[in-house]
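Student: Please find the sequence and the predicted model below.
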Amino acid sequence: MTTEQSSLAQEVHDLLSRLGVSESTYTQGDLIVRTPLTGQVVARVVKTKPAVASEALAAAQRAFLTWRSVPAPQRGDLIRLLGEELRAEISTLGRLVTIETGKLLSEGFGEVQEMIDICVFAAGLSRQLIGLTIASERAHHRMMETWHPLGVVGVISAFNFPVAVWSWNAALALVCGNAVVWKPSEKTPLTALATQALFERAASKFGDVPLGLSVLLVGDAQLGQLLVDCPHVPLVSATGSTVMGHAVAPRLAGRFARAILELGGNNAAIVCPSADLDLALRAIAFSAMGTAGQRCTTLRRLIVHETIYDDLVARLKKVYLSVVVGDPRDAGTLVGPLIDERSFEAMQYALNEARNQGAKITGGERVVLEGSLDESFYVRPALVELTQQVEVVKRETFAPILYVLKYRELDEAIKLQNDVPQGLSSSIFTLNVREAELFLSATGSDCGIANVNIGTSGAEIGGAFGGEKETGGGRESGSDAWKQYMRRATNTINYGVELPLAQGVSFEI
Ligand code: UN1
């Protein structure tokens, strides 16, 4: 082990202990955690045994029964405190995110900022859980809708946003009066342990938080299944691959539980002749290469008008060949490592397939950093020019591959953009208002997110986040996403002395 490697394990230890995680939870277990930075083992996390998980689910159910009666603005105060803990530890937790996922430091800090933002949003929301009053057709009657807490909310999260996605769900679920059970990715249990420790800090400052209000299940898919099949969990929010969604959704449907699914994306940007190309170039670079292409919002397809194609692609090639691939802790680095070997292999597999389809490929090769082990996987991002949207382009490969296609008419570009199974994010680069509005209209992009003159990734928490088709249809974080974490009751109140029946029905006894 080199000095650099042993110091990384030491740093993980220091960060976790500063964040309040007990050493026994990550030194004596059999879930091996490697940092993608060097490939070395940095922790051995104790997995949650199924019997312990079942007890945790029961505790969460008991906690819900108490928490639902705490006034919502007080529940909001717990989330305000969580936000404060996160603010105090943004650099500690952010650095741990970088070491565990391989994303840049500014992206690691950005992820924690996203958590703080949703806490602020949810704390405000705790005073705005509002329902409508509806005009009744009957005299001396009033109708209204009331929103009630739902129960225990399950959260299954992925490695690439190991903590922000939990916070989108947990912050809303908790102010809505629910308990939360979290099954993080097996690849990123350390940031989950740290987040749980910060939650517990906030809870002890709050005072009267029922035991089991927010619990963590660390381990493999078996624990996820336990959560999905638990009859006391009326809602599961699951983020990950479409394959995972296929496993989870039918089980939830089978017991009539709700699902918020945030699955694969295959996001495209259309670049029109009037586009500001300097701005577009920067936006494309960030969306396609940021987080080493491992965001669900990553730009994977670029559809460029034929008149600007050569110019834009030449400029992009320069960027792809010069962008610094390296240690994400270094200031100049823009592309960190892939999460693991499987990701690297999936990338090479897709590139080979594209090559066999006649693609022209710039980049895509493995980059070996000095001092890293064979188990670390750095790659130069790949720019892949194709003449047609072949099968490989329609698939989500979770790696920095940008497929580039040419178009002539905007209708054709929109058709290409929509002609994939996924429907998460999309953008158009244009200064032409007709093109922009068409893209945003009912006949334009079919995605949950459609942007103008910004890239496909890097959404703010204020909007509802999620997408259509194989992306799963769920919406998380902002706007009125909170409604999914509550049950709606319609109330009709008769304050008169008669009993008129709706629809004029007569029933005299
Ligand atoms: C994800 O990749 O699962 O919009 C979430 C973005 C981030 C969230 C990505 N705010 O890119």
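Tutor: Received the coordinates, thanks.

Student: Need the phi and psi values for the spatially most central residue of the chain.
Tutor: The centre of the chain sits closest to residue 165, judged by CA atoms, centre = their mean, with a distance of 4.6 Å. Residue 165 adopts backbone torsions of phi -70, psi -40, taken as degrees, to the nearest 10.

Student: Spit out the contact partners of it.
Tutor: By CB atoms under 8 Å, 6 or more residues apart in numbering, the contact set of residue 165 is 155, 157-158, 239, 262, 476. For every residue, glycine as well, the C-beta is placed using N, CA and C.

Student: same deal with residue 54?
Tutor: Neighbours of residue 54 in contact, by CB under 8 Å, 6+ apart: residue 226.

Student: start the count at 10, not 1, going forward
Tutor: Will do, 10 is the new start, and the previous item becomes residue 63.

Student: ok, back up a step: from the contacts of residue 174, which two are the most distant?
Tutor: 167 and 485 (12.6 Å; CB to CB).

Student: and the gap between residue 227 and residue 233?
Tutor: 11 Å (CB to CB, to the nearest Å).

Student: what residues does this protein put near the ligand?
Tutor: 123, 169-170, 174, 248, 304-306, 466-468 (CB under 6 Å from any ligand atom).

Student: What are the buried residues along the longest helix along the chain?
Tutor: Longest helix in the chain, counting residues (DSSP state H): helix 114-134. For helix 114-134, the neighbour count (16 or more other CB atoms under 10 Å) marks 114, 116-128, 130-132, 134 as buried.

Student: Just the C-alpha atoms of stretch 32-41, please, in CSV.
Tutor: Listed in CSV are the C-alpha atoms of stretch 32-41, where the atom choice follows Å, rounded to 0.1, in the frame of the first residue of the first chain:
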residue,chain,number,x,y,z
GLU,A,32,-16.1,3.1,14.2
SER,A,33,-17.5,-0.3,14.8
THR,A,34,-20.0,0.2,12.1
TYR,A,35,-17.4,0.5,9.3
THR,A,36,-14.4,-1.4,10.4
GLN,A,37,-15.6,-4.8,11.3
GLY,A,38,-18.2,-5.7,8.7
ASP,A,39,-18.2,-7.7,5.5
LEU,A,40,-19.4,-5.1,3.1
ILE,A,41,-16.2,-4.0,1.5
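
Student: in it, what's buried?
Tutor: 34-35, 38, 40.

Student: hmm, who's touching it?
Tutor: 22, 25-26, 42, 50, 52-56, 195, 198-199, 202, 227-228.

Student: just the strands in the stretch 360-509 of the chain please.
Tutor: Secondary structure of the stretch 360-509 of the chain (DSSP state E, counting those that start in this stretch): strands at 369-371, 375-376, 387-388, 391-394, 410-416, 431-432, 434-438, 458-461, 473-474, 477-478, 485-486, 495-503.

Student: Relative to residue 188, which of those is closest?
Tutor: strand 495-503 (13.5 Å).

Student: Adjacent strands (with direction) for the closest one?
Tutor: Next to strand 495-503 in the sheet, as set by DSSP bridges, lie strand 150-158 (antiparallel).

Student: Quick one: mean pLDDT for the strand it pairs with?
Tutor: In this model, strand 150-158 carries a mean pLDDT of 98.

Student: Kindly report the same for stretch 510-518.
Tutor: Stretch 510-518 comes out at a mean pLDDT of 97.

Student: next one: that stretch to chain centre, how far?
Tutor: 51 Å (CA atoms, centre = their mean, to the nearest Å).

Student: again with stretch 498-507
Tutor: The answer for stretch 498-507 is 42 Å, by CA atoms, centre = their mean.

Student: what does it contact?
Tutor: 145, 147-157.

Student: buried stuff in stretch 90-108?
Tutor: Buried residues in stretch 90-108 (16+ other CB under 10 Å): 90-95, 98-99, 101-108.

Student: Kindly export that stretch (C-alpha atoms) in CSV.
Tutor: Extracted in CSV, the C-alpha atoms of stretch 90-108 (Å, rounded to 0.1, in the frame of the first residue of the first chain):
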residue,chain,number,x,y,z
LEU,A,90,-32.1,21.6,12.2
LEU,A,91,-31.0,18.9,9.8
GLY,A,92,-30.2,21.6,7.3
GLU,A,93,-28.1,23.4,9.9
GLU,A,94,-26.1,20.2,10.6
LEU,A,95,-25.5,19.8,6.9
ARG,A,96,-24.5,23.4,6.5
ALA,A,97,-22.0,23.0,9.4
GLU,A,98,-20.5,19.8,7.8
ILE,A,99,-20.8,20.7,4.1
SER,A,100,-17.0,20.3,3.5
THR,A,101,-16.7,17.1,5.6
LEU,A,102,-19.7,15.3,4.1
GLY,A,103,-18.9,16.8,0.6
ARG,A,104,-15.4,15.4,0.8
LEU,A,105,-16.6,12.0,1.8
VAL,A,106,-19.0,12.1,-1.2
THR,A,107,-16.0,12.7,-3.4
ILE,A,108,-14.0,9.9,-1.9
